[in-house]
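Trainee: got a structure for you, letters missing:
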């Protein structure tokens, strides 16, 4: 997961995304989509990355 985050932080792209395997709270294996978007301050400088995990497809 570090590659999309590094790409966004290095200003090579404004967005990145991966599909990953994860385990939900009930112990089920799921696929989740993890998009990442740059976090910018008022001066338009990148100060971080916003990550969001959402279930993509049940297995």
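Mentor: Looks like it arrived, so ask away. Since this is a predicted model, take the numbers as computed values, not measurements. Numbering: from 1, shown residues only.
Trainee: the helix or strand of the chain with the lowest mean pLDDT pairs with which strands?
Mentor: Within the chain, no helix or strand scores below strand 54-58, which has a mean of 78 by mean pLDDT, DSSP states H and E. According to DSSP bridges, strand 54-58 forms sheet pairs with strand 29-40 (antiparallel).
Trainee: buried residues in the partner strand?
Mentor: Across strand 29-40, burial judged by 16 or more other C-beta atoms under 10 Å covers 32, 34, 36, 37, 38. Using the backbone N, CA and C atoms, a C-beta is placed for each residue, glycine as well.
Trainee: backbone dihedrals for the residue located most distally from the centre of the chain, please?
Mentor: Within the chain, the residue lying farthest from the chain centre (C-alpha atoms, centre = their mean) is residue 43, at 23.2 Å. Residue 43 adopts backbone torsions of phi -90, psi 10, taken as degrees, to the nearest 10.
Trainee: so how far is residue 15 from it?
Mentor: 20 Å (C-beta to C-beta, to the nearest Å).
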